[in-house]
Each structure stands twice: as C-alpha cells, then as structure tokens.
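In: Sharing a sequence plus its predicted fold:
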2 protein chains.
Amino acid sequence: MKKILLASTSTLFGESYLAYLLPHLNKFFTGIDKLTFIPYARPGGTSHDAYTKTVAQAFAQIGIKVVGLHTYTDPQEGIKKAEAIFVGGGNTFLLVNQLYKLDLMQSLKYQVEKGTPYLGTSAGSNIAGVSIKTTNDMPIIYPPSFDSLGVVPFNLNPHYLDPDPTSHHNGETRETRIFEFHCFNSTPVIGLREGSFITVQEDRIVLQGPHTARVFKAGETPFEMETGSIW
Amino acid sequence: MKKILLASTSTLFGESYLAYLLPHLNKFFTGIDKLTFIPYARPGGTSHDAYTKTVAQAFAQIGIKVVGLHTYTDPQEGIKKAEAIFVGGGNTFLLVNQLYKLDLMQSLKYQVEKGTPYLGTSAGSNIAGVSIKTTNDMPIIYPPSFDSLGVVPFNLNPHYLDPDPTSHHNGETRETRIFEFHCFNSTPVIGLREGSFITVQEDRIVLQGPHTARVFKAGETPFEMETGSIW
C-alpha cells in the first residue's frame, strides 16, 4: 500500500529544519527505526554528508536514525533495503540527474509503489509527480529526462506563491508559468503553499496543513482545494 | 562585426510594450527597414501571429517593418536573409526547443557572429548566453540541450531580483540559485535588472540603463557592475 507524504517546504520562516512537520512525521513513520535519506538535491550546494547530518539531527528528536543513500557502495541495494525513504529539497534538476545517473528512478518508483513509506520536501515532493516540468528551480544541470516518479497522478508546484498585486516586477507570476505549462501538457498541477502537505495512503490523496492549495487543470479556471479534502 | 542588444525585459511596469527601449532601438537599428521576429517563446501561450502583431505595432513607431519567422516556409532562409533579428521573451525552454527542432540554433549563431544585428528581450536575451541554465522560466518542455547561442561569454539572469529581506517565503533567492549553478558550472552570470540592457559591438560589451548589474563568478563574491562599464 502506497504511503507518501509530500510537503511544500522543509522549513517555515523562523523555525528550525522540519520543526513544523515533526509531529506529523512521528505518526507517519510509526514503526520505522531507520530512514534512508537521499541528499542529492544539495540545497545551496551543501555536501551529501552535511545535508544528511542536518536531517539526522531533526529525526533524532523523534527517535529515528538516518542513513544517507550516498554512503552505500550500491545505492540500488540502499533503496531496496530501506525501511522508509526521505528525499530532501534543493535543486530538482540536480536531484533528477543524479537519480538517472545512478539508474535509481525506476527502483525508487518500484519501492514506493510497493509500500515503502516516502517523505518528500520541496524538490523531493516535486519528483513524486509525473514530471519536474513545474519546478521553480534553476536548470543548473541537464538531466536525461524531465520525467519523474509519477507516484501521484499530478505535478506539484512547491513553495506556491500567489500573484503579488503590489509588485512592479515584470517577471511571470507562478500562475502564468503554470498556464504556459498547460499549453503543452495535460497533467494537473497542485500549487502547494508553504506549511501545507499532501498525504497518500494507497489511492486516498488528502491535502493537509493550514492552507488551501491552488489546483490548475488544463483548459479550466484554477480553483482552491480546501485542506482536508480528497483529490 | 557583432551588434547585439540584450534587454532584461521588454516592458517596464505601467508602460506599453518596448516603450522604454524604443529610443535606443531607433539608434541601434539605424539603416534597418525590416526586422525578422522570432516569436517561439510565446509568453502566456500567445500565438506566433498575435505575438508578431504586438511587436509590429511597437516597431511601427520607429518606422521598422516586422516579419515573423514562423511565416517562412523555410525558416533557415528567413534567418539567412534577415536584415536584423529580434527574439522576444516568453518561455526559454519552449524557445530553445523550437530552435533545435527547426535546426536553427547554429544558423542563428552564425548570422549573429557575422554581424546581423540581434535584439533579445528576456528569454531572447537568455539564449544569447552560453546556456539557458540560469533562466527563471519553468521547464514546461524538454529541449534537446540547454546550450544556447553563446554569442556573449557569460550567462544572463534576466528580470534579476535582489533578495527581499522582509520576505517570509522559504523558496530559494535568485542569488542562492545562481550560487548553486556555480557549484557545477564555471560560466559567469550577469543578473540584469529590469530596465537595464547590454550592448555588444564586436568585443566591446557595455552595461546600459538605469541600474547596476550583479555579477556572479564561480568561487568569487558577487559584485555590482556600474552602468556604462565595459565587461
């Protein structure tokens, strides 16, 4: 049975890493002793070791050990044996490139579909979608494909921001960018605001957290999805 | 002799399309009667025809006719015969994908290096750089490569925005994103603020417009480049 938690962000303003999520993760990871962490998105260029250390410190608060996938000689084996998996945020292109380079995309998808609990934040949530074509990240590296895990039937736009009516800046709004995506793609997109997250228990997909989410479907007017509602 | 003008944006807040640039373009395009416009970036999903019409209306004010490259049966021929070229903004991935699909990237580079005057705004400026790896756009389509024209020896980040110290949003700042780019790439990046533009006359590259630009070099502290200064 699929068991997935996809958060818009790891961290809320002024809080420590994962702080707002820990009470939920404590429940979500019931029975899990050790979490396999995939640090490939390297936020701010941080090293795999340093990133894994940060994650380990957070999970120590709920009694879960963390091992970085980069410490395995055979990362395929690491994925296969994982009790649970966490893919952290950072740069989505870098993350996806590394997953393809190590031929891990398919095995990761297989394990998640088989029921290995999966936690994603930001870029780690992005790759749970059908493709990374709605990431906000800069394309700093050219990956072999934009296709991602597709363990949920939509794409995500993490850190979703509403258009700012006071802005004098002429760059495209998030809404315009997602509209452009739908000129060439039919996958629905969930704009997930910081603090919100999506849980999946097999086919039951629920929006959780303090905010509504903005849902974009090709050819339709975007609408707000209430927290607690089912996809 | 290379003759290039690369603008951060086509339009300033509250102004009409290209308004702030027209006095400069009037000089830049001295002697040019007809401009070949490349509408492939399709901002907001607009059609090639509609986009070309907007551009034609703006250039009519300075007595220059505009023809859309999409109207040519053989776009290679269109590039080759162009008196001058304008690549407009929109989605950089879409633009680059179309240029590769029609096998135009090399011929465009060839003509610009041979001296056909080239105007770029936003995505059109982005592709003048070495790669599109510092675009702000959403990767709505998977192009065959991130490599672009490379008619200037750096990358651009158009619509450059400074970090907002009042923001409570946890998405990466532009500066962080460019720092991440430099973890894996050595090309310098110019963060070009809206209203600023870069002119190239053969090897003389000059920053113009009301703002300084932020320059990012791998392994160095970013710095401000004064308007009027030479790259």
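Out: Sure, I can see it. Residues are numbered from 1 along each chain as shown, chains lettered A, B, ... in the order given.
In: Against which helices or strands is the lowest-mean-pLDDT helix or strand in chain A packed?
Out: Each helix and strand of chain A was given a mean pLDDT (mean pLDDT, DSSP states H and E); the minimum falls on helix A:174-182 at a mean of 94. For helix A:174-182, the packing partners by 3 or more CB pairs under 8 Å, 6 or more residues apart in numbering or on different chains; DSSP states H and E come out as strand A:155-157, strand A:189-191, strand A:213-216. For glycine as for every other residue, the C-beta is placed from the backbone atoms N, C-alpha and C.
In: Have a look at chain A and report its longest helix.
Out: Of all the segments of type helix in chain A, defined by DSSP state H, the longest one is helix A:48-60.
In: just to revisit the earlier point, nearest to A:Ser16 among the helices and strands packed on helix A:174-182 would be which one?
Out: Closest to A:Ser16 of the helices and strands packed on helix A:174-182, according to CB to CB: strand A:155-157, at 23.8 Å.
In: quick one on the thing from earlier: so how far is the longest helix of chain A from its chain's centroid?
Out: Taking CA atoms, centre = their mean, to the nearest Å, the mean C-alpha location of helix A:48-60 is offset from the chain mean by 17 Å.
In: partners of the following helix or strand past it in the sheet?
Out: The element immediately downstream of helix A:48-60 (helix or strand, assigned by DSSP states H and E) is strand A:65-68. According to DSSP bridges, the neighbouring strands of strand A:65-68, each with its direction, are strand A:34-38 (parallel).
In: Just the C-alpha atoms of the partner strand, please, in CSV.
Out: Only the C-alpha atoms of strand A:34-38 are listed here, as CSV (Å, rounded to 0.1, in the frame of the first residue of the first chain):
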residue,chain,number,x,y,z
LYS,A,34,15.8,3.9,10.3
LEU,A,35,15.2,6.3,7.4
THR,A,36,17.2,6.3,4.2
PHE,A,37,17.8,9.8,3.2
ILE,A,38,18.5,10.9,-0.4
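In: from the chain's centre, how far out does that strand sit?
Out: The offset between the C-alpha centroid of strand A:34-38 and the centroid of the whole chain comes to 14 Å, using CA atoms, centre = their mean.
In: Next, the angle helix A:48-60 makes with it.
Out: Orientation check (axes from the mean of the first three to the mean of the last three CA atoms, to 10 degrees): strand A:34-38 against helix A:48-60 gives 140 degrees.
In: Run a quick neighbour tally on A:Ser186.
Out: A:Ser186 has 10 neighbours, counted by other CB atoms under 10 Å in any protein chain shown.
In: If you could redo that for A:Ala56, that was the one I meant.
Out: A:Ala56 - counted by other CB under 10 Å - has 16 other residues nearby.
In: Grab the most central residue of chain A for me.
Out: Taking CA atoms, centre = their mean, the centroid of chain A lies closest to A:Ser125, which sits 1.1 Å from it.
In: For the nearest residue to that one once chain neighbours are set aside, which three-state class applies?
Out: For A:Ser125, ignoring the flanking residues on the chain, the nearest one in space by CB to CB, 6 or more residues apart in numbering or on different chains is A:Leu6 at 3.9 Å. Under DSSP: H, G, I helix; E, B strand; the rest coil, A:Leu6 falls in the strand class.
In: Could you tell me how far stretch A:142-157 lies from the centre of the chain?
Out: When distances are taken as CA atoms, centre = their mean, stretch A:142-157 is centred 10 Å away from the chain's centroid.
In: just the CA coordinates of it, formatted as CSV?
Out: This file holds the C-alpha atoms of stretch A:142-157, laid out as CSV (Å, rounded to 0.1, in the frame of the first residue of the first chain):
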residue,chain,number,x,y,z
TYR,A,142,20.8,19.0,-18.0
PRO,A,143,19.1,15.8,-16.9
PRO,A,144,18.4,12.8,-19.2
SER,A,145,14.7,13.4,-18.8
PHE,A,146,12.2,15.6,-17.0
ASP,A,147,10.0,12.6,-16.2
SER,A,148,9.9,11.8,-12.5
LEU,A,149,8.4,9.1,-10.2
GLY,A,150,4.8,9.6,-11.1
VAL,A,151,3.6,8.0,-7.8
VAL,A,152,0.9,10.7,-7.7
PRO,A,153,-1.3,11.5,-10.7
PHE,A,154,-0.4,15.2,-10.9
ASN,A,155,2.5,17.6,-10.8
LEU,A,156,3.4,19.7,-7.8
ASN,A,157,4.5,23.3,-7.6
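In: ok, back up a step: what does the least confident helix or strand of chain A contact?
Out: Surrounding helix A:174-182, the residues in contact under the criterion CB atoms under 8 Å, 6 or more residues apart in numbering or on different chains are A:133-134, A:136, A:155, A:157, A:160-163, A:172, A:189, A:191, A:214, A:216-219, A:222, B:42-45, B:90-91, B:94, B:137-138, B:140.
In: Which stretches in chain A count as strands?
Out: Using DSSP state E, the strands assigned to chain A run over residues A:3-7, A:34-38, A:65-68, A:85-87, A:118-121, A:155-157, A:189-191, A:197-201, A:204-208, A:213-216, A:223-225.
In: From the contacts of helix A:174-182, list just the buried residues.
Out: Listed as buried from those are A:133-134, A:136, A:155, A:157, A:160-161, A:172, A:189, A:191, A:214, A:216, B:42-43, B:45, B:90-91, B:94, B:137-138, B:140; burial here means 16 or more other CB atoms under 10 Å in any protein chain shown.
In: Now, these that are in helices?
Out: Among those, the members found in helices (DSSP H) are B:Leu94.
In: What's the mean pLDDT across stretch A:70-81?
Out: Average pLDDT, stretch A:70-81: 98.
In: And chain B, is it touching that?
Out: No - contact of stretch A:70-81 with chain B is not found when judged by CB under 8 Å from any CB of the partner chain; the minimum separation is 15.6 Å.
In: Between its first and last residues, how far does that stretch reach?
Out: Length of stretch A:70-81, first residue to last, CA to CA, to the nearest Å: 14 Å.
In: Any buried residues in it, and which?
Out: Buried residues in stretch A:70-81, defined by neighbour count with 16+ other CB under 10 Å: A:70, A:72, A:75, A:78-79.
In: give me every residue that touches A:Glu113.
Out: A:Glu113 makes contacts with A:2, A:151, as judged by CB under 8 Å, 6+ apart.
In: Tell me how far it lies from chain B.
Out: Distance of A:Glu113 to chain B, computed by CB to the nearest CB, to the nearest Å: 24 Å.
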